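Student: My questions are about this predicted structure, shown below with the sequence.
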Amino acid sequence: MKKRIEELSGHYIVAGMGRVGSVVATAFDEQGVPFVVIDHCEGCEEEAVERGWLYMSGDATTEEALEAAGVLRAKGLVTALDTDADNLFVAMSARGMNPSLFIVARSSTVASESKILRAGADRVVTPNVIGGRRMAASVTDPFVTDYLELVSHSEGVEFRLEAYKVREGSEYAGRSIRESRVRDATGAYIMAVATGGVIDSNPAPDRVLLPGDHVVAFGTRSQLDTLGARL
């Protein structure tokens, strides 16, 4: 297990294997994303091994555990420990060790979100808030909610939503969506374009794609792979 973890690069780290962390790890596993889980709870290692997950027994709030999980080589980290204080500490430690790491942290309360962001997290998710909004949407727009769940999380579904960054030298850089003929060339649909954090959720055909833009696209795995390669 240790040798396999040491060979990881560009992977993700999941701090905590509780209710939230286990869901995150399951999602990574279903997507074929390389990851390692850190925890020291009773029975966690046996469960992780049974499910085929890379697991490291340790305290994720320590730099030693993060380093052993490959934080210096990792692409992202999800900290889903039980307390906001622990998640804040993990975010702060991981950010100091790897400034380019993308960090998502769990928060129990909305009041803690700003503190965890200041500590180094890129995103903070409060599960009870997300769950409440999802429940409200399930009542007011059940068919839309079911559809988004289908294309976002269901196994074996042909269509997906993915995000890609427009790179320098891309054949689409400096050209409008219409000029690029994205739909004709790849089969995928561009659903949104983000520039500097500002999201255009319904881009017009004359919207020019610039290097650094993030494009959200909808299509099959094959169509999205083709679009991603061109971008």
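Tutor: Nice, thanks for sending it over. Numbers count the residues shown, from 1 in each chain.
Student: Backbone dihedrals for the closest residue to residue 108 other than its chain neighbours, please?
Tutor: Spatially, and ignoring its direct neighbours in sequence, residue 108 is nearest to residue 84 (5.3 Å; C-beta to C-beta, 6 or more residues apart in numbering). Where you see a C-beta, it was placed from the backbone N, CA and C, and this is true even at glycine. Backbone geometry at residue 84, expressed as degrees, to the nearest 10, gives phi -60, psi -30.
Student: isn't residue 84 right up against residue 112?
Tutor: Yes. Using C-beta atoms under 8 Å as the test, residue 84 is close enough to residue 112 to be in contact (4.1 Å).
Student: and residue 122, what is it in contact with?
Tutor: By C-beta atoms under 8 Å, 6 or more residues apart in numbering, residue 122 lies in contact with 102, 103, 104.
Student: at 6 Å instead, please
Tutor: Listed by C-beta atoms under 6 Å, 6 or more residues apart in numbering, the contact partners of residue 122 are 102, 103.
Student: could you measure it against residue 217, distance?
Tutor: Residue 122 sits 22 Å away from residue 217, going by C-beta to C-beta, to the nearest Å.
Student: With residue 191 instead?
Tutor: 6 Å.
Student: Repeat that for residue 2.
Tutor: 39 Å.
Student: who has more neighbours, residue 191 and residue 217?
Tutor: residue 217 (22 against 16; other C-beta atoms under 10 Å).
Student: give me the low-pLDDT residue ranges for the protein?
Tutor: Along the chain, segments meeting pLDDT under 70 span 151-157.
Student: mind giving me the domain ranges of it?
Tutor: For the chain, automatic domain parsing gives the domain ranges 2-125, 159-230.
Student: of those, which approaches residue 132 most closely?
Tutor: Closest of those to residue 132 is domain 2-125, at 11.1 Å (criterion: C-beta to C-beta).
Student: how far does the closest one stretch from start to finish?
Tutor: Start-to-end span of domain 2-125 (C-alpha to C-alpha, to the nearest Å) is 30 Å.
Student: what pairs with the residue lying closest to residue 221 once chain neighbours are set aside across the strands?
Tutor: Counting by C-beta to C-beta, 6+ apart, residue 160 is the residue found nearest to residue 221 once chain neighbours are left out, at 6.4 Å. Using DSSP bridges, the bridge partners assigned to residue 160 are residue 219.
Student: residues near residue 160, how many?
Tutor: Count around residue 160 with other C-beta under 10 Å applied: 17.
Student: and the helix or strand containing residue 46, how far from the chain's centre?
Tutor: Residue 46 is part of helix 44-51, with elements assigned from DSSP states H and E. Relative to the centre of its chain, helix 44-51 is centred 23 Å away, using C-alpha atoms, centre = their mean, to the nearest Å.
Student: ok, and for it, which residues are buried?
Tutor: Judged by neighbour count using 16 or more other C-beta atoms under 10 Å, the buried positions of helix 44-51 are 44, 45, 47, 48.
Student: Would you confirm that the last one contacts residue 55?
Tutor: Which is residue 48. Yes. Using C-beta atoms under 6 Å, residue 48 is in contact with residue 55, at 3.6 Å.
Student: what ranges do the helices span in the chain?
Tutor: 2-6, 19-31, 44-51, 63-68, 84-97, 110-119, 127-140, 142-153, 177-180, 182-186, 221-230 (DSSP state H).
Student: for the fifth one, which positions count as buried?
Tutor: Buried residues in helix 84-97, counted by 16+ other C-beta under 10 Å: 84, 86, 87, 88, 89, 90, 91, 92, 93, 94, 95.
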